[in-house]
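**Student:** With the sequence up front, the predicted model follows.
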Amino acid sequence: MGLLILIVEGAVLGWLAAIVTHEENGRRTFADVLTGIGGSLLAGIVVNKGSVIAGISPSTVLAGLAGAVAALAILNLVRNQVLR
């Protein structure tokens, strides 16, 4: 159940991270959501010390948001380097 919560949380946080970083674009929304899921999962697993069984807590949500924003920022840096 914890893994499903992190995936849903990551999708929402990926979308919110796209808004925070001002990179929301209709064509890239799916990639932003997937990146947010990856960042949130990674940060949530790190905060929960390797466990995905834990539910939603303030520390997990904040870490998930930070992970999603960081992953999206890295993705945008890579996109900008490739497009140059």
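**Tutor:** Structure's in. What do you need?
**Student:** Any stretches of the chain with poor pLDDT?
**Tutor:** In the predicted model, the chain carries pLDDT under 70 at residues 1-2, 21-27, 50-56, 83-84.
**Student:** where do the helices sit along it?
**Tutor:** Remark: helices assigned in the chain by DSSP state H are 2-20, 29-47, 58-83.
**Student:** so what secondary structure elements neighbour the last one?
**Tutor:** Helix 58-83 is packed against helix 2-20, helix 29-47, with contacts defined by 3 or more CB pairs under 8 Å, 6 or more residues apart in numbering; DSSP states H and E. No exception for glycine: its C-beta is placed from N, CA and C like everyone else's.
**Student:** And that helix, what's buried?
**Tutor:** Applying a neighbour-count criterion of 16 or more other CB atoms under 10 Å, the buried positions in helix 58-83 are 60-61, 63-69, 71-73, 75-76.
**Student:** one step back: would a markdown table of the helices and strands packed on helix 58-83 with distance to residue 81 and mean neighbour count be doable?
**Tutor:** Below are these laid out as a markdown table (distance: least, CB to CB, whole Å; neighbours: other CB atoms under 10 Å):
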| stretch | distance to residue 81 | mean neighbour count |
| --- | --- | --- |
| helix 2-20 | 19 | 19 |
| helix 29-47 | 16 | 20 |
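**Student:** Closest one of the buried residues of helix 58-83 to residue 18?
**Tutor:** Closest approach to residue 18 among the buried residues of helix 58-83 (CB to CB): residue 72, at 6.2 Å.
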